[in-house]
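J.: sequence and predicted model, in that order:
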Amino acid sequence: MLRPVATLAATLALCATTVALAAASVNGAGHAAAVARPGAADTTAAETTAADTSAHETVADATAAPVEPSASATPSQPWRLVRTTFVNRAPDTPVAEPSGVLVDTFGRVWMSDAALHGLQRFETSGAALDQTGALGSEPGQFRRPGALARVGALGVAVLDVENRRVTVYDHHLRLLGAAIDLAAPALEARVGRVSPVGLTADRGGALYVADAERDRILVFDYAGTFQRELGGFGARAGGFSGLLAVAAGAHGGLVTVERPRGRSKRAVAPDSTVGRSRVQWLDAGGRVVASVWLPAWSAGAGETGLALAVDDSGVVAIVAERSGELVVLSSDGAVVARDKGLAAPRAGAFGAAGELLVAAAGEARLLRFTLVPPAAE
């Protein structure tokens with residue numbers, strides 16, 4: 001049975017208190033850290049040279065010009081990406097369609113599998129640790145689980161896409177309960193139908209659900225109580241046109257990415273944003289702090305699957321499923337690395353050492369990227 005809501009709320013409140021104290025300690029010691037550590041790359045791994053940094057271009061919104069990240073910090077040479085396999089399908093490691101990935105407080109890697117309707121954990125070495133879940137709608141069951149998010153210091157939230165709910169587990173993979181039921185009549189009466197496509201959580205334990213149905217972000221407190229919504233359909237700054245993913249920022253805000261812009265039949269002048277996605281940085285209240293347009297995806301306006309990851313220094317990684325691409329932005333919004341030829345990358349997550357894990361659904365494996373800035377060469 002699901003744990004009572006009061007118990008779940010108390011557990012998450014304890015997690016939130018723990019992580020708040022930890023965050024204060026980290027901030028006091030200097031929060032921003034380097035993304036990659038010299039010598040962290042596997043020298044035997046195949047290396048992919050990042051390219052196309054010259055394709056970075058900030059373009060004003062067609063209807064309102066948001067604040068843009070400074071272009072002065074764009075590096076003169078690209079970062080290098082070193083790609084290795086972290087988890088591969090094996091007889092003792094069933095992997096079919098990895099759709100979410102997360103690194104917990106203890107460095108263990110969590111992965112959701114949409115085809116197996118389950119949740120798996122791995123040691124830092126990549127060795128399988130344990131798993132849970134099955135197809136269904138009962139407690140502990142899933143229907144195509146997707147995005148994962150850390151809740152406080154000791155919890156992990158899972159977006160159960162087709163069951164339209166968010167369930168929470170503790171750090172021992174024990175089910176705590178359903179934190180959010182997006183199909184609950186009371187919630188639907190208040191906000192309408194929700195089609196969840198993304199999930200994140202801030203350091204205080206608040207949960208944010210990206211809703212593709214109405215291009216908005218729904219905000220819930222640590223106990224799963226609805227608080228407010230951010231955004232809404234619109235091309236103006238702060239609105240969304242095809243919201244696909246949301247991630248908690250490095251300093252308390254949010255980062256979002258939208259579906260690439262298609263060509264308008266009514267457009268008179270050429271539109272330089274066609275086939276490109278807009279990334280927006282929002283503060284806690286939903287106000288736009290900055291925005292930038294990414295280089296065009298190889299799938300153009302047909303790209304319908306994007307996911308975000310943000311590390312503690314503010315570096316952002318975006319993966320595009322149909323295009324098979326990875327783009328990395330520096331903390332000031334400049335494109336510093338790109339990789340192509342990935343097999344349906346569906347999710348990403350940064351580890352404590354700055355490494356990036358990517359769930360490659362098309363090849364049933366987790367990939368690990370080491371990001372090496374020019375200064376570390």
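T.: Thanks, I have the structure now.
J.: could you check how far the nearest residue to Asp202 once chain neighbours are set aside is from Ala149?
T.: Of all residues not flanking Asp202 in the chain, Ala248 sits nearest, at 4.9 Å (CB to CB, 6 or more residues apart in numbering). Every C-beta, even on glycine, is put in place using the N, C-alpha and C of the backbone. The spacing between Ala248 and Ala149, counted by CB to CB, to the nearest Å, is 8 Å.
J.: identify the contacts common to the two.
T.: Overlap of the contact sets of Ala248 and Ala149 (by CB atoms under 8 Å, 6 or more residues apart in numbering) consists of Thr200, Ala201.
J.: neighbour count: the two, which is higher?
T.: Ala149 (25 against 19; other CB atoms under 10 Å).
J.: pretty sure that one contacts Val156?
T.: Yes: in this structure, Ala149 is within contact of Val156 by CB atoms under 8 Å, at 7.2 Å.
J.: identify the contacts common to the two.
T.: Leu102.
J.: who does Glu293 bridge with?
T.: Residue 293: Trp, not Glu. On the basis of DSSP bridges, Trp293 is bridged to Arg278.
J.: run a quick neighbour tally on it.
T.: Other residues close to Trp293 by other CB under 10 Å number 21.
J.: any idea how far it is from Ala212?
T.: For Trp293 relative to Ala212 (CB to CB), the value is 20 Å.
J.: and for Leu329?
T.: Distance from Leu329 to Ala212, by CB to CB: 23 Å.
J.: separation between Leu356 and Arg83?
T.: The gap separating Leu356 from Arg83 is 10 Å, by CB to CB.
J.: those two: which is more packed in?
T.: Leu356 (27 against 19).
J.: excluding sequence neighbours, find me the nearest residue to that one.
T.: Using CB to CB, 6+ apart and skipping the chain neighbours, the partner closest in space to Leu356 is Phe369 (4.3 Å).
J.: in three-state terms, label Val194 for me.
T.: coil (DSSP: H, G, I helix; E, B strand; the rest coil).
J.: beta partners of Phe350?
T.: According to DSSP bridges, beta-bridge pairing links Phe350 with Leu356.
J.: what's around it, how many residues?
T.: Phe350 has 22 nearby residues by other CB under 10 Å.
J.: measure the most centrally placed residue in the chain to Val327 for me?
T.: Closest to where the C-alpha atoms of the chain average out (CA atoms, centre = their mean) is Leu308, at 3.4 Å. Leu308 sits 10 Å away from Val327, going by CB to CB.
J.: please apply the same query to Ala347.
T.: 15 Å.
J.: which elements pack onto the helix or strand containing Gly177?
T.: Assessed by DSSP states H and E, Gly177 sits inside strand 175-181. Here strand 175-181 is seen to pack against helix 5-28, strand 165-170, strand 207-211 when contacts are counted using 3 or more CB pairs under 8 Å, 6 or more residues apart in numbering; DSSP states H and E.
J.: show me what the helix or strand following that strand is packed up against.
T.: Going down the chain from strand 175-181, the next helix or strand is helix 185-191, by DSSP H and E. Counting contacts by 3+ CB pairs under 8 Å, 6+ apart, helix 185-191 is packed against strand 226-231.
J.: now do the buried residues in the strand it packs on.
T.: Phe226, Glu229, Leu230, Gly231 (16 or more other CB atoms under 10 Å).
J.: check stretch 119-130 too.
T.: So stretch 119-130, judged by 16+ other CB under 10 Å, has buried residues Leu119, Gln120, Arg121, Phe122.
J.: of the residues you listed, closest to Arg143?
T.: Ranked by distance to Arg143 (CB to CB), these are led by Leu119 at 12.9 Å.
J.: wait, is that closest one part of a strand?
T.: Yes: according to three-state DSSP, Leu119 belongs to a strand.
J.: residue ranges in the stretch 51-200 of the chain under the pLDDT threshold?
T.: For the stretch 51-200 of the chain, applying pLDDT under 70 flags the ranges 51-77.
J.: show me where it has strands.
T.: 80-88, 98-103, 109-113, 118-122, 128-132, 145-151, 155-160, 165-170, 175-181, 196-201 (DSSP state E, counting those that start in this stretch).
J.: make TSV from these and add distance to Arg365 to it.
T.: Converted to TSV, the strands of the stretch 51-200 of the chain look like this (distance: least, CB to CB, whole Å):
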stretch	distance to Arg365
strand 80-88	5
strand 98-103	7
strand 109-113	10
strand 118-122	12
strand 128-132	13
strand 145-151	17
strand 155-160	20
strand 165-170	23
strand 175-181	27
strand 196-201	22
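J.: can you pull the residues that touch both of Leu356 and Arg83?
T.: Shared contacts of Leu356 and Arg83, counting by CB under 8 Å, 6+ apart, come down to Arg368, Phe369.
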